[in-house]
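Student: coords please:
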Amino acid sequence: MEQWVISVNKQASEGLIVSPFYLWFLIHSTQTGVSMLNFPSKVILGAEQDAWVSLLVAGLSVHLIIWMIFFVLKNSNKGDIISLHQQLFGKWFGNALTLGFYGYTILFVCNEIRSYIEVLHIWVFPMSHPWELSLIVLLTSVYIVSGGFRVITGICFWCVVIPSILLVSLYFPLKYAHWNNLLPLLNHNLDEYTVSAHQSLSLYQGVEFLLLYYPFIKNNEKSQKWAHIAAAHTTILYLIFAFVIFAYFNIQQLKHTIWPTLILSKVIQLPFLERFDYMFVFNWFLIILPPICIGLWGGTRILRKTVGLKARPALWITSSIVFIIIVFLREPTTIERLDSLLSGAGFIFLYAYIPMLVIWISFIRFFRKVRPIGGNLK
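Tutor: Numbering: from 1, shown residues only. Below is the predicted model:
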């Protein structure tokens, strides 16, 4: 009977791993990038003022995805999707599937950078070229990633803690809130809730990178609670912003507003700061750094493990591909297409491919009488 050998040690060396507590910030920071600036305009397309229900349902579904990811990784030879693909599908086809995930990470990073640069270009630097701003963001991210996973983890921590101060700014638009905008409650049909839920799912993309950095989490098999806390944190944050924005804007205004979260910042007037929205935009740089760094690191790791490149060349190759793609994304329509492509790819990966892996692993374990004995699945 075939044996499915699983390594007892699914962790990287002691000098590379981080505490399970940081899984909270690693996951949460990758889920709250540039999409927070415009998500209300998207999620209202179906359920309108009741879109918060779809947001909540989508957030709850992420907890199921997290359970599936941990189930998959516990059956991986080295604790990541790279080795799991090789176990399930062989070296060549397994590496081909992993390189498909590499393409996804490239799209993820491109979308974060280009979407944020579009905000900077229109809001602050209308005379600058997008590729110049993109190069600055990309080089900053490359510098952080070159420091290793622990440096990236520290960036994720501080880039969650520091921007949290912006939550205080929600007090100012609340003074002009019209809570009647949220009424009537729960008056939409299932199809409309489904449309909003589908738009909401892309907001929670980022949890899939756990499939790559799982070996770098200390006592990773016992760290699942921190992943669930991260998903809950993300869901609560989106709900808070959604309620405030829905109360400030009516549905027709939201449908014609590209970045409603930024518009809220223009309401704030302080005697010592004339343009608080500028501070808001530049502070958002801290929010997009974690998903960009995690994506670049993930792409670098994939090239190292599949192609055999060293870390530095793999990082520069990944960054170069990202920059070349960004240069060709000149029009707003191309940015929207990239966002739609990434949303579709993320939906297929999270809600189709990962469940398929769970079913396939369960199939193997059941029909081959597989059970762990001394580190081997027999």
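
Student: where does pLDDT dip in this protein?
Tutor: Along the chain, the parts satisfying pLDDT under 70 run over 1-9, 369-378.

Student: all the strands of it, residue numbers only.
Tutor: When assigned using DSSP state E, the strands of the chain occupy the ranges 4-5, 372-373, 376-377.

Student: now do the contacts for the spatially closest residue to Leu350 that is not a sequence neighbour.
Tutor: Nearest residue to Leu350 in three dimensions, chain neighbours excluded: Ile65, at 5.4 Å (Cβ to Cβ, 6 or more residues apart in numbering). The way it works is simple: take the backbone N, C-alpha and C, and place the C-beta from them, glycine included. By Cβ atoms under 8 Å, 6 or more residues apart in numbering, the contact set of Ile65 is Val207, Leu350, Tyr351, Ile354.

Student: ok, and the most crowded of those?
Tutor: Ranked by the number of neighbours (other Cβ atoms under 10 Å), these place Val207 first, at 24 neighbours.

Student: for Ile165, see how far away the residue lying closest to Ala247 once chain neighbours are set aside is.
Tutor: Nearest non-adjacent residue to Ala247, counting by Cβ to Cβ, 6+ apart: Ala177, 3.8 Å away. In this view, Ala177 and Ile165 are 21 Å apart by Cβ to Cβ, to the nearest Å.

Student: more crowded one of the two?
Tutor: Legend: neighbour count by other Cβ under 10 Å for Ala177 and Ile165, higher for Ala177 (17 against 9).

Student: can you point me to the longest helix in this protein?
Tutor: For the chain, the longest helix by residue count, based on DSSP state H, is helix 91-123.

Student: show me what that one is packed against.
Tutor: With contacts defined as 3 or more Cβ pairs under 8 Å, 6 or more residues apart in numbering; DSSP states H and E, helix 91-123 has these neighbours: helix 81-89, helix 130-145, helix 276-306, helix 311-328, helix 332-348.

Student: Throw these into JSON lines and include distance to Ile359 and mean neighbour count, thanks.
Tutor: Shown next, in JSON lines, are these (distance: least, Cβ to Cβ, whole Å; neighbours: other Cβ atoms under 10 Å):
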{"stretch": "helix 81-89", "distance to Ile359": "12", "mean neighbour count": "21"}
{"stretch": "helix 130-145", "distance to Ile359": "34", "mean neighbour count": "18"}
{"stretch": "helix 276-306", "distance to Ile359": "24", "mean neighbour count": "22"}
{"stretch": "helix 311-328", "distance to Ile359": "31", "mean neighbour count": "17"}
{"stretch": "helix 332-348", "distance to Ile359": "15", "mean neighbour count": "15"}
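
Student: what's the closest of those to Gly59?
Tutor: Nearest to Gly59, of all these, is helix 332-348, at 14.8 Å by Cβ to Cβ.

Student: now do that closest one: everything it contacts.
Tutor: For helix 332-348, using Cβ under 8 Å, 6+ apart, the contacting residues are 104, 107-108, 110-111, 114-115, 118, 198, 201-202, 205, 208, 328-329.

Student: which among the residues you listed end up buried?
Tutor: Listed as buried from the contacts of helix 332-348 are 104, 107-108, 110-111, 114-115, 118, 198, 201-202, 205, 208, 329; burial here means 16 or more other Cβ atoms under 10 Å.
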